[in-house]
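[1] I'll drop the sequence and a predicted model, then ask my questions.
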Amino acid sequence: PTGTLDVFDVQQDMLDAVMRRATDQSNTNITPAHGQAGEQLPYPDERFDAAYLITVIGEIPDADVALRELRRVLRPGARLAVGEVLLDPDYTSLRELRSLAEACGFRFVRRYGSPFAYVAQFDAV
């Protein structure tokens, strides 16, 4: 209740939908931001305790830049969780994700899920 949730998306419609649901549920601690994930994120260094990406890594034209920016805005020891679903046309394998994330300053912690969908947990080092 005392924290904040920053929501970042390339699609303004998605941000609008999140904010409508937040308003309907009287949530006032959500801040939307619109922009491209493969560019500099509009946040200061070491701002966040965690970041969650669900089925988006494969859609980002330069995932390396996006992961480096995420590492910049995450505090040391912060958590990055990345979810992927096998049926997604932009699916990123765990092997590819680990390679990308580890090259950008993340340490793989563990994988959760089934053979058809997973969430990979990384820590910012």
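    Ah, there it is.

[2] which secondary structure element contains residue 110?
    Here residue 110 sits within strand 106-114, counting by DSSP states H and E.

[3] Do you know the pLDDT at the residue nearest the centre of the chain?
    By CA atoms, centre = their mean, the chain has its centre lying nearest to residue 53, at 2.9 Å. Note for residue 53: predicted pLDDT of 95.

[4] what about the longest strand in this protein?
    Longest strand of the chain, by residue count under DSSP state E: strand 74-85.

[5] which of the residues in stretch 110-124 are buried?
    Within stretch 110-124, the residues that count as buried by 16 or more other CB atoms under 10 Å are 118, 120, 122, 124. C-beta coordinates here come from the backbone N, C-alpha and C atoms, glycine included.

[6] Only C-alpha atoms, please: export that stretch in PDB.
    Taking Å, rounded to 0.1, in the frame of the first residue of the first chain, the C-alpha atoms of stretch 110-124 are listed here in PDB:
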ATOM      1  CA  ARG A 110      16.000 -19.900 -11.300                       C
ATOM      2  CA  ARG A 111      13.300 -20.900 -13.700                       C
ATOM      3  CA  TYR A 112       9.600 -21.400 -12.700                       C
ATOM      4  CA  GLY A 113       6.900 -22.900 -14.800                       C
ATOM      5  CA  SER A 114       6.100 -25.700 -17.200                       C
ATOM      6  CA  PRO A 115       7.600 -26.900 -20.600                       C
ATOM      7  CA  PHE A 116       5.100 -24.500 -22.300                       C
ATOM      8  CA  ALA A 117       5.600 -21.400 -20.300                       C
ATOM      9  CA  TYR A 118       8.300 -20.100 -17.900                       C
ATOM     10  CA  VAL A 119       9.300 -17.200 -15.700                       C
ATOM     11  CA  ALA A 120      13.000 -16.700 -15.300                       C
ATOM     12  CA  GLN A 121      14.300 -14.900 -12.300                       C
ATOM     13  CA  PHE A 122      17.500 -12.800 -12.400                       C
ATOM     14  CA  ASP A 123      19.200 -10.600  -9.900                       C
ATOM     15  CA  ALA A 124      21.000  -7.400 -10.900                       C
END
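
[7] No further queries at this time; thank you.
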